[in-house]
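S.K.: show me how the following folds:
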Amino acid sequence: MHPNVLAASIWPRGVTTEVRDATVARVRDWLGHAVDGSYLLRETDEGRLFLADEVAVDWHAFCTLVHRSRDAAPQTERELLRRALQLVRGPFLDDRTAGRYSWLARTRLDSTVADTVEAAAHRLVELSTTDDPDGAAAAARAGLRAVPGSQLLWRDLLRVEDDGPGGPGVTAATDEMLLALSERGADLEPETEALVEELMPGSRRAPGA
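M.R.: Sure thing, here's the model as predicted:
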């Protein structure tokens, strides 16, 4: 990325060249050096900034594993998706200080991460439900760590818990879901409400109930 493009993303109202370059220099010092002594944050001959291969970023690793899974045989696809979801520890930058990284809203990275994790978790559930219900439940829960309001993944989890006797059960999972949705002020989607009624007829559950 060219420094001007980076500056426009971080400082949409504008910033001096001096501030931009000083910030890049601080980031370069913070990232440190590779084994050969060169900086990990580097520039091309055209002046574009890039990270050396030695810099490990969980999101890049996640995307690489998911991309590789798309052309893999089912068993390998499962393993690659499982490895990708092991990198998920919570919502994207969930612990960032209020007001920090406000420029992220202009990149849509929050929603991209959420959508990609949700899709990967859902796919692993599909691949695992028949012969590995515990793995399917783990996949749904891994996705929910990043996207706790995903009713697609909650429905996945409810189905797995209803089919398999090894987990906490569909009633406990439903209570977890309702609490998570209530905390986010979310209503049950029609598909979720229908599934709850199918699995627990007459329960008439709703967020906050």
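S.K.: now the strands for this structure?
M.R.: 41-43, 49-51 (DSSP state E).
S.K.: pLDDT on the last one, on average?
M.R.: The reference is to strand 49-51. In this model, strand 49-51 has an average pLDDT of 92.
S.K.: from the chain's centroid, how far away is that strand?
M.R.: 23 Å (Cα atoms, centre = their mean, to the nearest Å).
S.K.: quick one: list the elements packing against that strand.
M.R.: Secondary-structure packing of strand 49-51 (3 or more Cβ pairs under 8 Å, 6 or more residues apart in numbering; DSSP states H and E): strand 41-43. In this view, the C-beta of every residue, glycine as well, is placed from N, C-alpha and C.
S.K.: run the chain-centre distance for the strand it packs on.
M.R.: On Cα atoms, centre = their mean, the centre of strand 41-43 falls 27 Å from that of its chain.
S.K.: got the contact list for that strand?
M.R.: 24, 27-28, 31, 49-52 (Cβ atoms under 8 Å, 6 or more residues apart in numbering).
S.K.: just the buried subset of these, please.
M.R.: 24, 28, 31, 49 (16 or more other Cβ atoms under 10 Å).
S.K.: can you pull out the helices in this structure?
M.R.: Secondary structure of the chain, counting by DSSP state H: helices at 3-10, 17-31, 58-69, 74-85, 109-128, 133-146, 151-163, 170-183, 190-199.
S.K.: same question for the shortest one, mean pLDDT?
M.R.: Just to be clear, that refers to helix 3-10. Helix 3-10 comes out at a mean pLDDT of 88.
S.K.: can I see the domain layout of this protein?
M.R.: 3-51, 58-199 (automatic domain parsing).
S.K.: measure the first one end to end?
M.R.: Read it as domain 3-51. With Cα to Cα, to the nearest Å applied, domain 3-51 spans 13 Å between its terminal residues.
S.K.: repeat that for stretch 33-49.
M.R.: End-to-end for stretch 33-49, by Cα to Cα: 15 Å.
S.K.: going forward, the N-terminal residue is numbered 10.
M.R.: I'll keep to 10 as the first residue from here, and by that count the last item is stretch 42-58.
S.K.: in it, what counts as buried?
M.R.: Buried-residue list, stretch 42-58, by 16+ other Cβ under 10 Å: 48-50, 58.
S.K.: adding distance to residue 101 as columns, could you present those in JSON lines?
M.R.: Conversion of the buried residues of stretch 42-58 to JSON lines gives the following (distance: Cβ to Cβ, whole Å):
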{"residue": "48", "distance to residue 101": "27"}
{"residue": "49", "distance to residue 101": "22"}
{"residue": "50", "distance to residue 101": "22"}
{"residue": "58", "distance to residue 101": "22"}
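S.K.: Serialize the strands of the chain to a markdown table and add fields for distance to residue 107.
M.R.: Output for these, formatted as a markdown table (distance: least, Cβ to Cβ, whole Å):
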| stretch | distance to residue 107 |
| --- | --- |
| strand 50-52 | 27 |
| strand 58-60 | 27 |
